[in-house]
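Engineer: A predicted structure for the sequence below; I have some questions about it.
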Amino acid sequence: MLEILRFLSDFFVNAGALLQQWFHQWGLSAAWSRVVLDIAGSLIIVAVPFTAIFFLIWVTRKVIARIQDRLGPNNSGTWAGPFALFQTVADAIKILTKEFIVPIGADKSIFFIAPIFVLLAALAIWVVVPFGPSGMQGADLSIGIFYVVSISSLALFSIVMAGWSSRNKYAIIGAFRGVSQIVSYEIPQVLAILPPVMLTGSLSMQDIVMAQDIPYIVSLPVPAFIFLLAVLAEIGRLPLEQAEADAEIVAGYFTEYSGMMFGAFYLAEFINNFAAGVIFATLFLGGWRGPFVEQIPVLGAFWLLLKAFLVFLIFCFFWGAMPRLRIDHILSLNWKFLVPLALVTLPVLALSNKLLPYIGVTSPWGQALCLLGVNIAVAAGAAWSLTWVDDYVNRQSEELHMTFVMPSVAPEFGDLLVDGDDLLQESS
Amino acid sequence: MIPLSWYLMLAAALFCVGLYGMLAERHLITMLMSLELMLNAVILNMVAFARYLEPQALHGKTFALFIYALAAADAVLGLALTVLVWRNRDTVAIDKINTLKG
Amino acid sequence: MFTVPRLLFLCFAFIALGSAVRMVVAHQVFHAAFWLILSFFGIAALYVMLEAPFMTGLQLFLYIGGVAVLNIMAIMVTRQMMHPRRTANDPLTAALMAFSTFSFILWMILQLPFPNEPQVPAPVGNLPVIGELLVDVNGYALPFELVSLLLFVVLLSVLYLAKER
């Protein structure tokens, strides 16, 4: 009994060792048994996001329906089953039975590659996610988090492919918006990843988790905030969802897709959302670390997925509650707020982290609290300068009301934070 | 293992394909694309040399990093100029951009 | 002769070279951009074979995620995508030049005694060393600062160029 429990406590590593032993007994050479085990492992890794999103789509529908006060998924009396549990099944059947439609002018080869590519890019991130202490990771690459950043920039690509090849105005507008948004938000994303990497001294995901005796969200709340917003733009969730703004440009870059090809985009979107939660949890919330992980390593996967699920819920609440920002507002939020904030935060944190041992702070908690203080100072400075800019803009616009400046001059005053057109509309 | 000369031959071939594109193209953007292919061939050379001839594999990779930075700079500037040319003259074919020709 | 790494090398080399050739002969500029990206992928795979994972990441991030996407954006902005592509007056001369350059380099490569095997096993975790070398005064501190200056100038000049006038 105890043996079984011990086996189950580190199930994946032990099962791998056992299988390897069996393969050896069956006379399989070491290299081939390695290959078989690698294939099995990658199947398990692929299975994680797919099973997770089956549940996550249901959660999203419930949450959104609750927020928007809609009956649909919350009406448990329908055939969708108790608590509308089979809603995802119904969705899947609906999508699978729909017809593929290829627009006449479409660039066929690229049109068909795009959905495959988007799924590949969404799944490739999971290779480096550490689910547990050791052995429960696809590959502990030495460039771990950098790999994640590069793969997430590939998602951009499927947007361009889909948007261009469908030969549709809405699709190409969505592609343009998506590209400009994602390319811009890559900068604060990378700048926000750097502080945890700096504190760890390694790019490997496993090392970053191991370094978090105190989760980095305690010592680095400002980078965590920047990363959350940037990743929100990368995955295109609601306040920053311009690539597929369904009220304006139908469905953005995948307007022309139908049936399972649309399904691929839909699945990839959810996988990306969940992957964003997982990456956030790994970088800032301590990854797989939690109570009892030392005794029962399998629990690590549970803690990681739980934390990722909490981040995913935040995305869901945003989706339900936020209005959609205009594309130029999204870009100015990035270039005028997030990038300067990240650019200030990084050197300030680096300097204070180097200075801490000299003023006698060496304990991990002392270090974390000092860095927290620095973060709060940076955030307060950012808030103060924002209010100052806000005052400045308000004063300018009051002058504008009084002196009745010609409209062609007006935008230059408002350009600081608020867009000029808004001011004009208010004054007219 | 793979001989170093294989990598060098591949890089040379890539470079020459890029050279052909550079010489035969009329379209500014595809010329820039050929240029990027040539730069990539050079980087491949650098990394291969670093792996095979350098015990620490440091200087070759550092050089490759610099080439990456320069390549990014020239792509950005070149494409901005291309878009500007297109805006002013409504074409990006280089044989149409000949106002300076006597 | 043909061991597994060699076959893998040939496979990736075929992807890189084949798609590069497809790039320069593609009928549409937009397809040329995608063949270029496939070629970049092939080269990224070759970096994996050279045991340089950081270069692979850079290739994916900078070239495929950055430069290639910029190319595609420029093609979409300049509305040249559906136009059939025209080459210069005599592509034959160009091909001849390229081929003669290639034969010259090939002749040089075959003259020199290059090793068949790497001299030492690949260094593990030399990324921090490269980072220190970049900011070392005796290393590459000056070129590093110059490159950052160059990138800054490029940023400013592109902003100036992109301004509506």
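Structural biologist: Perfect, I can see it now. Residues are numbered from 1 along each chain as shown, chains lettered A, B, ... in the order given.
Engineer: kindly list the longest helix within chain B.
Structural biologist: helix B:59-89 (DSSP state H).
Engineer: look through the stretch 1-150 of chain A and state the residue closest to chain C.
Structural biologist: A:S150 (3.7 Å; C-beta to the nearest C-beta). C-beta: built from backbone N, CA, C; applies to glycine.
Engineer: which element, helix or strand, includes that residue?
Structural biologist: Using DSSP states H and E, A:S150 falls within helix A:144-165.
Engineer: give me the contact status of that helix with chain B.
Structural biologist: No: applying C-beta under 8 Å from any C-beta of the partner chain, one finds helix A:144-165 separated from chain B by no less than 12.9 Å.
Engineer: packing partners of that helix?
Structural biologist: Applying 3 or more C-beta pairs under 8 Å, 6 or more residues apart in numbering or on different chains; DSSP states H and E, one finds that helix A:144-165 contacts helix A:108-124, helix A:169-200, helix A:205-210, helix A:259-284, helix C:29-49, helix C:53-58, helix C:68-77.
Engineer: at 7 Å instead, please
Structural biologist: helix A:108-124, helix A:169-200, helix A:205-210, helix C:53-58, helix C:68-77 (3 or more C-beta pairs under 7 Å, 6 or more residues apart in numbering or on different chains; DSSP states H and E).
Engineer: now the angle from the last one to helix A:144-165?
Structural biologist: Angle of helix C:68-77 versus helix A:144-165, following axes from the mean of the first three to the mean of the last three C-alpha atoms, to 10 degrees, is 20 degrees.
Engineer: what does the following helix or strand past helix C:68-77 contact?
Structural biologist: Per DSSP H and E, the first helix or strand lying C-terminal to helix C:68-77 is helix C:91-111. Contacting residues not belonging to helix C:91-111 are listed as B:S5, B:L8, B:M9, B:A12, B:A13, B:C16, B:L19, B:Y20, B:L23, B:A24, C:A88 [C-beta atoms under 7 Å, 6 or more residues apart in numbering or on different chains].
Engineer: buried among those? Need that as a selection in ChimeraX.
Structural biologist: A single ChimeraX command selects the buried members of the contacts of helix C:91-111 (16 or more other C-beta atoms under 10 Å in any protein chain shown):
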select /B:5,8,9,12,13,16,19,20,23,24
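Engineer: how about the contacts of helix C:91-111 in a markdown table, adding pLDDT?
Structural biologist: Converted to a markdown table, these look like this (pLDDT from 0 to 100):
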| residue | pLDDT |
| --- | --- |
| B:S5 | 86 |
| B:L8 | 90 |
| B:M9 | 90 |
| B:A12 | 92 |
| B:A13 | 92 |
| B:C16 | 92 |
| B:L19 | 90 |
| B:Y20 | 89 |
| B:L23 | 86 |
| B:A24 | 84 |
| C:A88 | 62 |
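Engineer: which parts of stretch A:257-277 are buried?
Structural biologist: Residues of stretch A:257-277 classed as buried: A:257, A:260-277 (neighbour count, 16+ other C-beta under 10 Å).
Engineer: what's the distance between that stretch and the middle of its chain?
Structural biologist: Put simply, stretch A:257-277 sits 13 Å off its chain's centre (C-alpha atoms, centre = their mean, to the nearest Å).
Engineer: dump it to CSV, keeping only the CA atoms.
Structural biologist: Output in CSV follows, covering the C-alpha atoms of stretch A:257-277 (Å, rounded to 0.1, in the frame of the first residue of the first chain):
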residue,chain,number,x,y,z
TYR,A,257,-12.7,30.8,-41.4
SER,A,258,-15.5,28.3,-40.7
GLY,A,259,-15.9,24.9,-39.3
MET,A,260,-12.9,23.2,-37.8
MET,A,261,-10.5,25.8,-39.1
PHE,A,262,-12.3,28.4,-37.1
GLY,A,263,-12.2,25.8,-34.3
ALA,A,264,-8.4,25.7,-34.5
PHE,A,265,-8.3,29.5,-33.9
TYR,A,266,-10.8,29.2,-31.1
LEU,A,267,-8.8,26.4,-29.4
ALA,A,268,-5.5,28.2,-29.9
GLU,A,269,-7.0,31.3,-28.3
PHE,A,270,-7.9,29.4,-25.2
ILE,A,271,-4.7,27.5,-25.1
ASN,A,272,-2.8,30.8,-25.4
ASN,A,273,-4.9,32.4,-22.6
PHE,A,274,-4.2,29.5,-20.3
ALA,A,275,-0.5,29.4,-21.3
ALA,A,276,-0.3,33.1,-20.5
GLY,A,277,-1.7,32.2,-17.0
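Engineer: mean confidence (pLDDT) on it, please.
Structural biologist: The average of the pLDDT scores along stretch A:257-277 is 85.
Engineer: so does that stretch get close to chain C?
Structural biologist: No: under the criterion of C-beta under 7 Å from any C-beta of the partner chain, chain C is not reached by stretch A:257-277; the shortest gap measures 15.0 Å.
Engineer: so what touches that stretch?
Structural biologist: So stretch A:257-277 is in contact with A:49, A:52-53, A:56-57, A:95-96, A:98-101, A:115, A:118-119, A:122-123, A:125-126, A:155, A:162, A:231, A:235, A:237, A:254, A:308-309, A:311-312, A:315, going by C-beta under 7 Å, 6+ apart.
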